[in-house]
Structures are given as C-alpha cells and as structure tokens.
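Asks: I would like the atomic coordinates for the input below:
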Amino acid sequence: MDVTFRVPDSQKTSHSVFGNVKPISDQTDNVTSDILRRPSTVKTQFGEVSGVLSTVNGTQILQFLGLPFAKPPVGQRRFAAPEPPEKWTGIRDGSHFGNECLQNYLTSRAYENRTRGEDCLNLNIYSPSTSTNSAPLPVMVWIHGGNYYIGAGSRYDGSALAAKDVIVVTLNYRLDVFGFLSSEDNVIPGNYGLLDQLQALKWVKENIADFGGDPHQVTVFGESSGSGATSLLVLSPLSKGLFHRAIMQSGVSLSPWVVDHPAVRMSPRIMTNLIGGLVGCTQWDAHKRLACLRRVDAEFLHDATRNVTWNADAGTVMSPRVENVFGVLPDLPVRMLARGEFNKVDTIHGYTADEEGGTISDPDNNGLTRDEFRKNLLSAFRPYAFTDQDNLIREMANLYLGNSSDPFYIRAQTLRARSDFSVIGATLNEIQMIVNKDSTKKHYLYNFKYRPSFSYAPNYQNATHFQDVSFVFGVDLKASQLLGGVPNDADRAVSDQVLTMWTNFAKTGDPTSPMPQNAMKWGVFTKASPKFITIDSASFVSVFKDFKYSDFYRKITQKLDTVEDFSGAIVG
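Replies: Coordinates of the predicted model:
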C-alpha cells in the first residue's frame, strides 16, 4: 500500500547530537509495500505526541523526546512512589528534551544549558522511520550512570542503535537526595530512583506498541550505576514481566558501591539526620520530619545534601537499599542470588579492561611502590568500616604482588586490584551465581579491551571506565568527541561490532546471531565452559580460567554484608 508522510514545519530542525545528522526536507514520500513507514504523530493512552525526523548514516530516525512517564514528583509526591502521568489534550510537541533531574552542575560544558528541576520524569524514544520488518521491533531501554547523583537520559542519543532496526528508550530517574534519601524506616524507605525506573518500564510495556515496539521483547541495559541498577532490576520481584533481557556494563548488584551495605561508614539514617539538621527538619516524629522535608526548597535541599556528602568523604552515600515497604529490593543481593531469587532473563555481563584507570597516578611514568599500592587500596576502602583493613591489604598484596618489587608490575597490579574491587570481581561472581541457579536462559560475559584513539588515559592503560559507552551509541556522537577527539576508522569498526552485537542480543538473545562482520561466535558462559569475549580491534573468544582474584572478592562481599555462610554459593 502507499503511505503519505509529511513532516510538520515545527520539526524541520536537526535535534540529534550526531555530527552528520541532517533534517528531512518537507516532502511527500510514496513507500513501497515491502517497507513500513512509521507515523510522525503517535497516539498513546495519555494523548497524542509528534516526533522529529533526522537521518543518521543514511537511516531516517524518528525521535519522540521529553515524554512524561509519571506525574511530577513534587510536593506530596516528593519521597513517594511515582504515579502515572496525567492525560493531555491536543498534540504534544516531542521535538525537545524535558528537564534533567536536579543534580550537581559541575558536569560537562555540553550540558550546562540543560534545564533541570524536580519535574524530570520523562523519557525519549528513538525509532527507525522505515523498516522492512512489519512485525513490532525489539525495544532497548537505557538506564544512565552517574553514581546516582548526575546524568540524564537525554545525554544518550539512541539513533545509531535505532538504525539497526530496534527502538531505543532513554529515561530520567530521580537522583541523589530526591532518589535515594532514607531514614531506614517505613516513612522514608528510599529507592525512589529505582521506582522511577520501574514506572518507566511499565510505561514502555503499556505504550511502546503505539510506536512500533514489541512490549514482549524488551532489553534493559545500562552502564556504571545504570548497570548496577539494571542488575538490581533483574533481582527485583517488582520488575517481573517488564523486560526479557538485560545488559550490565561495568556494574552489578554485588559491586560495593551499587547498594547500601551493613558495613558502610555513613548509613542512610545518619545522612538523613545530617541533611535534616542543615535544612531545619529536626523533628523526632518521622511523619512530621517527612512533611518538613517536602516543604524545603528543592535547590536548597540538593545543595545541603552535596554539602553533607562532601564533608562526609564517604564515597557513594545516596544509593539503593534493602527495604520491604515498596519491596524493590527485599534482601541483600548476595542472598537473593544464592537462593536463586531473581528474574530469569537472558543477560550480558561485562567490564572494561582497566576500569579504575582514573585512580592510578603515575605522572613521571616510573611505576608504583608497594607502599603506593597500599595507599591506593586504602582510598578504595575509605567508605567502609573494615575493622581489619590492614590485614585485608596484606592479603591483597600477597595475592596481587607476591614478592615483586618491579614498579611497573606493581602499577599494573594496583590497577588490576582496584578494578577487581570496584567492578570485575563482583561481575564474575554475579554471573557465576546466576548460571549456578539458572540453566534456562543464555548468559554472556565480555571484557572490553579496545583503547579508543581519542583516549586521554596513559599509554599503559587500555579501555577505562565509561569508554565503552561511545561504542555502544556510535563513536560519531559528540559525546565521544568530548572524551578526547574525533574517532578514526578503527574506532568506527569496533563500534559497529558492538552496535551489531548489542542489537542482535535484543532481537534474538544471541549477540552473534547473525554473525557481525569480522567477529567470532560469542559462546555462552556456563559452569562447565565459562566462555567470554574480549572486544578489541580483533575480538576473540576464550574460556575464563583464572578465578583466584574473583574468588578473593567473595571475602570482600562477606565483609560488606556480614553474611555468615557464603561457602559454596558461587561456582568456579
């Protein structure tokens, strides 16, 4: 059949952050019967919305931006579970991003002019405007990182992924004090940011079909704290049926910074008391204190929180926690994983080769001493009340350094120890625990090792934390240029590998089906054969054999969570 399509005058502007995006001119296209043309105006259960059309590498992408998935979390809805949005009349203009959530302004200059506010629960949809596939398209929902206190969905343009014939959704969730304040009781239980993510997933399930998406084929993916949140959603009983696959990039539920642990030095209750004291909410009655906190000016409350956090010097202090009021996370992740209490979905777990490169200081390129190894780990342990940290560091020195005094070996092993502590050890343990309890789904592991041509990291480091993100969203994004420069052809080749594997996984549950160009078959990670892929300019697949470092991380988990019986919970 022939379909007539016309771009409204208000949409004749480029809105993508890709450098090669051009607006589509006002025209009428006739479309042959083997191509499905998606409409630029979509009717949802809440009202109609118009999108903006752009091109990325020759593919036309429809963008529907700033769509509310919940009521503004202000007034009595501050520190409360999100509620479905209000309906609107007329056609909502979807050509502009909504507010970012309130956060620290000391971020990239590219985002200085973005508007911020409590009314920030919105999402963005990227969809190919034409498709040879008449069936609903797989959906990929991105959860941004930022240590739970910075970031926004609008900072990630999903157009390059959407050009691979999927629909991409990016979203905001409440951050910092607004997303994770808790007095550890039934009045202010916390986890509001996670509840926002769940609400967005519910919105996707109920509305994405209107945009051509398949609500029964949803993949959640994220990086850093967004990856940790994705891992927690895999565990959460409240997310059952809301997604079907998950990709965790550099963060899992077992990472020490992803959730509040019993061994943290600064508890949520203490933080709430300190913040309340700064803003004049010191009532002993919990309900009166909540009412007071809801009346405090949002900017003042945010600034007070940053003041307390800075002076506490205790790392991530506003984070998800175990609670049974909402029931987002009813128990510690290690216990839920050991009992097999998680949603059985296909997963990809992964990390960059040198996650913690930013924590290594060697300006003269002379390597590090054993004492510098010790001091570096002390800084990693600072947020936690480890009573035997000296013994712990001695054990780690024996494990990672042995008797070596070679400064360059010590530097390499310091980086490895920090990366294991922050991300890699936890990732390996989590995927092992999952495959130990779930043989019904497919699980994959990767190590992203490719060093970008635009990397600012020292030459002795490969890919560091966050550097994989540009390759997931397309290295021609301006975001990647902000990391150090214009990408080259080798960068683009690796990015195309990753884009293809990630979207293959969303479509089929297998990242190398169909096989990406110049790639190897990425085998599943099982107890019998723990295969993983090293993503590089020449990617390769191998079997993971050296579990001694991740095995040691089990001891860290015990100390964080004071779990009495952890033996046998992890395979390997």
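Asks: okay, now the domains of the protein?
Replies: 9-256+266-312, 344-561 (automatic domain parsing).
Asks: Confidence-wise, which of those is weakest overall?
Replies: Of all the domains of the chain, the minimum mean pLDDT falls on domain 9-256+266-312 (a mean of 89).
Asks: And that one, how far out from the chain middle?
Replies: From the chain centre to the centre of domain 9-256+266-312 is a distance of 11 Å (C-alpha atoms, centre = their mean, to the nearest Å).
Asks: again with stretch 375-383
Replies: 24 Å.
Asks: how about that stretch: buried residues?
Replies: Residues of stretch 375-383 classed as buried by neighbour count (16 or more other C-beta atoms under 10 Å): N376, L377, A380, F381, P383. For the C-beta atoms, the positions are set from N, CA and C on the backbone; glycine is no exception.
Asks: Spatially nearest residue to G151 (excluding sequence neighbours)?
Replies: Counting by C-beta to C-beta, 6 or more residues apart in numbering, H144 is the residue found nearest to G151 once chain neighbours are left out, at 4.2 Å.
Asks: surely that neighbour meets R155?
Replies: Yes: when contacts are counted by C-beta atoms under 8 Å, H144 is listed as touching R155 (6.7 Å).
Asks: what about M336, how many residues close to it?
Replies: For M336, the neighbour count with other C-beta atoms under 10 Å is 21.
Asks: ok, now which ones touch the nearest residue to it once chain neighbours are set aside?
Replies: Spatial nearest neighbour of M336, chain neighbours left out: L235 (5.2 Å); criterion: C-beta to C-beta, 6+ apart. Taking C-beta atoms under 8 Å, 6 or more residues apart in numbering, we find L235 in contact with S253, L329, P333, M336, L337, E341, F342, N343.
Asks: Roughly how far does L235 sit from T359?
Replies: Separation of L235 from T359 (C-beta to C-beta, to the nearest Å) stands at 28 Å.
Asks: Tell me where the stretch 151-300 of the chain has helices.
Replies: 159-162, 176-180, 192-207, 225-235, 268-279, 286-295, 298-312 (DSSP state H, counting those that start in this stretch).
Asks: tell me the secondary structure for Q497?
Replies: helix (DSSP: H, G, I helix; E, B strand; the rest coil).
Asks: quick one: contacts for it?
Replies: Contacts of Q497 (C-beta under 8 Å, 6+ apart): P516, Q517, N518, A519, I535, S539.
Asks: Looking at those, spot the one nearest V322.
Replies: I535 (33.8 Å; C-beta to C-beta).
Asks: What count of nearby residues applies to the closest one?
Replies: 25.
Asks: I figured it hits R451, correct?
Replies: No: the criterion here is C-beta under 8 Å, and I535 misses it with R451 at 11.5 Å.
Asks: what comes up buried for stretch 550-562?
Replies: S550, D551, F552, Y553, R554, I556, T557, Q558, K559, L560, D561.
Asks: Mind putting those residues into TSV with secondary structure?
Replies: Output for the buried residues of stretch 550-562, formatted as TSV (three-state DSSP):
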residue	secondary structure
S550	helix
D551	helix
F552	helix
Y553	helix
R554	helix
I556	helix
T557	helix
Q558	helix
K559	helix
L560	helix
D561	helix
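Asks: For the residue nearest to V486 when sequence neighbours are not counted, give its distance to S183.
Replies: Excluding the flanking residues, the one nearest V486 by C-beta to C-beta, 6+ apart is F454, at 7.0 Å. Relative to S183, F454 is positioned 44 Å away (C-beta to C-beta).
Asks: ditto for V259
Replies: In terms of C-beta to C-beta, V259 sits 17 Å off from S183.
Asks: quick one: which of the two has more around it?
Replies: The neighbour comparison of V259 against S183 (other C-beta under 10 Å) goes to V259, with 26 against 21.
Asks: if I read this right, that one contacts V328, doesn't it?
Replies: No: using C-beta under 8 Å, V259 is not in contact with V328; the gap is 10.7 Å.
Asks: any common contacting residues for those two?
Replies: By C-beta under 8 Å, 6+ apart, the residues touching both V259 and V328 are L232, P320.
Asks: Surely K531 and V524 touch.
Replies: Yes: with contact defined as C-beta under 8 Å, K531 counts as touching V524 (6.5 Å).
Asks: Quick check, central residue of the protein?
Replies: When C-alpha atoms, centre = their mean is applied to the chain, the residue found nearest the centroid is G226 (2.0 Å).
Asks: ok, that residue touching V141?
Replies: No: between G226 and V141 there is no contact under C-beta under 8 Å: 10.5 Å.
Asks: Y444 reaches I348, doesn't it?
Replies: Yes: judged on C-beta under 8 Å, Y444 makes contact with I348 at a distance of 4.6 Å.
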